[in-house]
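[1] task: produce atomic coordinates for the following.
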Amino acid sequence: MAAKKKSRELSSFGIFIKTELIKRGLSHEEFANEIGMKPSYLSNLLYNGNGTRSGHKYLPAIAELLEIDLGELYKLLVESKKLSKSA
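    Modelled structure (predicted):
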């Protein structure tokens, strides 16, 4: 019997970023390429916070591209990580 694949849910950080991408008409792949990140790594960051330690180095590029305050973006990522650990 094949194991059921666990469905993934976007983190609160991921929901915020995906919403911003939709507003700007950017695809996941386009956005990842613009900030110099592999699309698969961006998925890990948006869905479950994996890789967020090194993901912090991309926050300035994310903030600049989306025209978002870097401090607010960092707070959102930290809060998202706290929520995912408590789930």
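[2] where does the chain have low pLDDT?
    Scanning the chain with the threshold set as pLDDT under 70 gives 1-7, 48-54, 83-87.
[3] most centrally placed residue in it?
    residue 46 (3.0 Å; CA atoms, centre = their mean).
[4] that one: which element?
    Using DSSP states H and E, residue 46 maps to helix 39-47.
[5] same question, residue 29
    Per DSSP H and E: helix 28-35 holds residue 29.
[6] so residue 9 sits right up against residue 47, yeah?
    Yes. Using CB atoms under 8 Å, residue 9 is in contact with residue 47, at 7.1 Å. C-beta: built from backbone N, CA, C; applies to glycine.
[7] what's the longest helix seen in the chain packed up against?
    Using DSSP state H to define each element, the chain has its longest helix at helix 70-86. Judged by 3 or more CB pairs under 8 Å, 6 or more residues apart in numbering; DSSP states H and E, helix 70-86 is in contact with helix 12-24, helix 52-55, helix 59-66.
[8] using a markdown table, lay out the ones you listed together with distance to residue 76.
    Shown next, in a markdown table, are the helices and strands packed on helix 70-86 (distance: least, CB to CB, whole Å):
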| stretch | distance to residue 76 |
| --- | --- |
| helix 12-24 | 5 |
| helix 52-55 | 12 |
| helix 59-66 | 10 |
